[in-house]
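Asker: structural data only, the sequence is not supplied:
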C-alpha cells in the first residue's frame, strides 16, 4: 500500500512541478526535468544521505511512468488544472503526507535515530519542491510562505508518539498521513503562515 | 579510449564553465569552482545516485589536471576563445556525446534498467551545466534554449537499438557519439529549439 | 578534540546561516533550514562523495543540538550579534579552519590522494555557505568577495607539508587550523580580495 501511495505522491508532485515550470517560459524538456526533480528530488537526497543506492526511482520503473504520466497530464490538462486548484492541492497534500511517512520509515530501516528520521521525512517531502524552486532561480516558496515543513515535523512527532504507544503499523501510517493532510488543508484554507523576519533591524 | 574521450570532455566542459563564469564578475577562485562543477558535476551526481563512491574524479588525478588545464587555457586565451566560438562549440559537443555514452555505460555496469540508463546518460551530460547556471543564479540554459538534453535522449535510444542488434561495442560507442555530435551541430547551425510555454494562459 | 571543534564549527555556521537568512524575509522554518544547510551542507556533500553513509550528522545527535542551539541563539541575540560582528567573524573563522581540517582527514581515512583531500577540505568548509547562498537565490559570496576558499587550499598545503615532515598529528592539526584562522582574520582586516573579471572584453 505504501508503494501505491508513493506512486500517487510521485505523480502528484510531477504534475505540480510541471505546472510551476510552465509559468517560467521553459521548453517542454525543461518542464520534464523540473517535473522529474520535483517528484524524486526529496527521496533521492534522502537515499544518497543514508546510503541507499542505487536510489529508489532507479529500482522500479513505475516511478518513471508515474512521472511521465503526471507530466503529460499537466501538458494536456494545463488550463483545466490551473482552474481546478483544489484537485492539485489535494494530490500535492497526499504527496506531502505520504513522502513524510516514507522518509521516516526508510530512516528507521537504516537504524537511524528517530529525531533524524523526522528530519529525513521532512527532507523527503520538502526538498523536491526546494530543488524545483532553485532550478527556477527563486527563493524556495517553502521558506517564505505556508507552514509546509512545520507540518511534516508535526507529522513526524505524531508518528513516533503513536509508535511508542505500540499501535499497529498501519494505524500509525494512516494516522500520521491523515494528521499531515488535514493540517495542511486547514493551513491553506485559513491561510496560516509564520510571520517573516523583516530585514530592517 | 573511453577514458581519453572522458578527459577531453572534462577539459572542454571546464573551459566552457570558466568562460561562462568570467561573464559573471567572479574572482579567479569562483571561476575555478564553476569550471570544476561544470566538468565533474554531472558525473558526480550520477556516481552518488548509483552508489559508485568515492566518485569518479577522486579516483584518477587526470581529471583534476584536465580541469585545471581547461581553466588555465580559458584564463589565458579568453579573448581568442570567445571569438573562436566554433572551437568551443566543438569541444563542448564532444563532451556532450562522450558524457552521455559514459553515463549509459556506468548505469549498465551497475545493472540498471536501460530506460534509467538513458536518464543517467542525460544527467551525466547535462547536470554539470545545470549546476553551473544554478551557481550563477540563472535559470539553466538547457531548460530554455537549445535541444541539448533531447539530443542525449535520442543518443541513448540509438545506443540501445544498436546494442540490441548485437553490434560490436566500439561500433555502438562510435555511432552513438557521432549521432549526438552531428545532431547537436545541426541543431546549432539551423537554430533548432522547442517553443517555450508562455505564462499567459 | 576534533569532535568538539567540529561541534563548535557546526554551531558557528548554523548561527551565521540563520543571520543571513533573517535578512532575506524568510519565515522561522526557512531560517532553520538555511541554518541547517549552512552548517552541515559541506560535510554532507563530502560524505556522499566519498561514500561515508549515513552521512556524519546522522550518526551523532550532538550535531542536531549544535545546529538548533546556533539557530535559537541567532533568533534571540539577533540585534546584538549583528552589532558584535567581530564575535561572528571569529566563530565563522574557527568553523573554516576546523572544517577544512576535518575534510582533509576524512579524505585520508578513505585512502584518497592528498590533492583530492585538499579539494575535500575546501568543499567541507565552503559548500555549506555556497548552498546557503544558492537557496537564497544569490551568486555565492565566496565566488565574488573574500579569499575564503583560497585560504582553505593554503591550509591544505600547510597540512601536507607538515605531515610529510613527520610532525605529530596534533601539531599538524593545530598549525593548519591556526594558519587558516590567522590568514582569514588578516584577509578580513586588510580587505584582501582578488580582482573580479569584468565582462566587458
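Answerer: Looks like it arrived, so ask away. A quick note: this is a predicted structure, and the numbers were derived from the prediction, not measured.
Asker: host element of residue A:41?
Answerer: Using DSSP states H and E, residue A:41 falls within helix A:28-50.
Asker: can you give me the angle that helix makes with helix B:28-50?
Answerer: 80 degrees (axes from the mean of the first three to the mean of the last three CA atoms, to 10 degrees).
Asker: any idea of the mean pLDDT for the helix with the most length in chain A?
Answerer: Determined from DSSP state H, the single longest helix within chain A is helix A:85-109. Average pLDDT, helix A:85-109: 84.
Asker: which non-adjacent residue is nearest the residue most central in space within chain A?
Answerer: Chain A has residue A:125 as the residue nearest its centroid, 3.3 Å off, counting by CA atoms, centre = their mean. The shortest distance from residue A:125 to any non-neighbouring residue, by CB to CB, 6 or more residues apart in numbering or on different chains, is to residue A:99 (4.1 Å). All C-beta atoms are positioned from the backbone trio N, CA, C, and that covers glycine.
Asker: show me where pLDDT drops low in chain A?
Answerer: A:1-2, A:81-85, A:87-88, A:145-146, A:194-201 (pLDDT under 70).
Asker: and the one helix or strand the residue nearest to the centre of chain A maps to with helix A:85-109, angle?
Answerer: Using DSSP H and E, residue A:125 sits in helix A:114-135. Interaxial angle, helix A:114-135 versus helix A:85-109 (the same axes, to 10 degrees): 140 degrees.
Asker: list the buried residues of helix A:114-135.
Answerer: In terms of neighbour count (16 or more other CB atoms under 10 Å in any protein chain shown), helix A:114-135 has its buried residues at A:114, A:116-135.
Asker: contacting residues for the closest residue to residue A:159 other than its chain neighbours?
Answerer: Nearest residue to residue A:159, sequence neighbours excluded (CB to CB, 6+ apart): residue A:176, at 4.5 Å. Residues near residue A:176 by CB atoms under 8 Å, 6 or more residues apart in numbering or on different chains: A:97, A:100, A:101, A:104, A:155, A:156, A:158, A:159, A:162.
Asker: before we move on, what about residue A:68?
Answerer: residue A:14.
Asker: what is the burial count for residue A:28?
Answerer: Counted with other CB atoms under 10 Å in any protein chain shown, residues neighbouring residue A:28 total 18.
Asker: buried ones in the helix or strand following the helix holding residue A:41?
Answerer: Later in the chain than helix A:28-50, the nearest helix or strand by DSSP H and E is helix A:61-83. Buried residues in helix A:61-83, counted by 16+ other CB under 10 Å: A:63, A:64, A:66, A:67, A:70, A:71, A:73, A:74, A:75, A:81.
Asker: quick check: closest non-adjacent residue to the fifth one.
Answerer: What that stands for is residue A:70. That would be residue A:14: by CB to CB, 6+ apart, it lies 3.1 Å from residue A:70.
Asker: what number of residues lie near the one you found?
Answerer: By other CB under 10 Å, the burial measure for residue A:14, its neighbour count, is 31.
Asker: how about residue A:166?
Answerer: As a measure of burial, residue A:166 has 7 neighbours, counting by other CB under 10 Å.
Asker: quick one: contacts for it?
Answerer: Contact criterion CB under 8 Å, 6+ apart gives no residues in contact with residue A:166.
Asker: using the three-state scheme, assign it.
Answerer: coil (DSSP: H, G, I helix; E, B strand; the rest coil).
Asker: from residue C:3, how far off is it?
Answerer: Computed as CB to CB, to the nearest Å, the residue A:166 to residue C:3 distance reads 36 Å.
Asker: any part of stretch A:101-110 near chain C?
Answerer: Yes: contact of stretch A:101-110 with chain C (CB under 8 Å from any CB of the partner chain) involves residue A:110.
Asker: enumerate the positions of the host helix or strand of residue A:8 that are buried.
Answerer: Residue A:8 belongs to helix A:2-22 when assigned by DSSP H and E. Within helix A:2-22, the residues scored as buried using 16+ other CB under 10 Å are A:5-22.
Asker: what is that helix packed up against?
Answerer: Judged by 3 or more CB pairs under 8 Å, 6 or more residues apart in numbering or on different chains; DSSP states H and E, helix A:2-22 is in contact with helix A:28-50, helix A:61-83, helix A:85-109, helix A:114-135.
Asker: closest to residue C:46 out of those helices?
Answerer: In terms of CB to CB, the element of the helices and strands packed on helix A:2-22 nearest to residue C:46 is helix A:28-50, at 12.0 Å.
Asker: circling back: TSV please, covering the contacts of residue A:176 and showing neighbour count.
Answerer: What follows is the contacts of residue A:176, written out as TSV (neighbours: other CB atoms under 10 Å in any protein chain shown):
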residue	neighbour count
A:97	26
A:100	33
A:101	27
A:104	30
A:155	27
A:156	26
A:158	19
A:159	26
A:162	19
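Asker: just the closest of the residues you listed to residue B:144, please.
Answerer: residue A:100 (32.9 Å).
Asker: isn't residue A:56 right next to residue A:45, touching?
Answerer: No: judged on CB atoms under 8 Å, residue A:56 makes no contact with residue A:45 at a distance of 11.0 Å.
Asker: show me the contacts for the residue nearest to the centre of chain A.
Answerer: With contact set as CB under 8 Å, 6+ apart, residue A:125 has these partners: A:42, A:95, A:96, A:99, A:100, A:103, A:148, A:149, A:152.
Asker: select from those residues the one having the most neighbours.
Answerer: Highest neighbour count within the contacts of residue A:125, by other CB under 10 Å: residue A:100, with 33 neighbours.
Asker: that one touches residue A:149, doesn't it?
Answerer: No: the pair residue A:100 / residue A:149 is not scored as a contact, 9.7 Å apart, by CB under 8 Å.
Asker: excluding chain neighbours, what is closest to residue A:16?
Answerer: Nearest residue to residue A:16 in three dimensions, chain neighbours excluded: residue A:92, at 5.0 Å (CB to CB, 6+ apart).
Asker: next, give phi and psi for residue A:136.
Answerer: phi -90, psi 10 (degrees, to the nearest 10).
Asker: okay, now it: neighbour count?
Answerer: 20.
Asker: nearest spatial neighbour of it, chain-adjacent residues omitted?
Answerer: Ranked by CB to CB, 6+ apart and with sequence neighbours excluded, the top spatial neighbour of residue A:136 is residue A:24, at 5.2 Å.
Asker: from chain C, how far out is the one you found?
Answerer: Residue A:24 sits 14 Å away from chain C, going by CB to the nearest CB, to the nearest Å.
Asker: which strand or helix spans that residue?
Answerer: Using DSSP H and E, residue A:24 falls within no helix or strand.
Asker: can you count the residues close to residue A:183?
Answerer: Neighbours around residue A:183, by other CB under 10 Å: 21.
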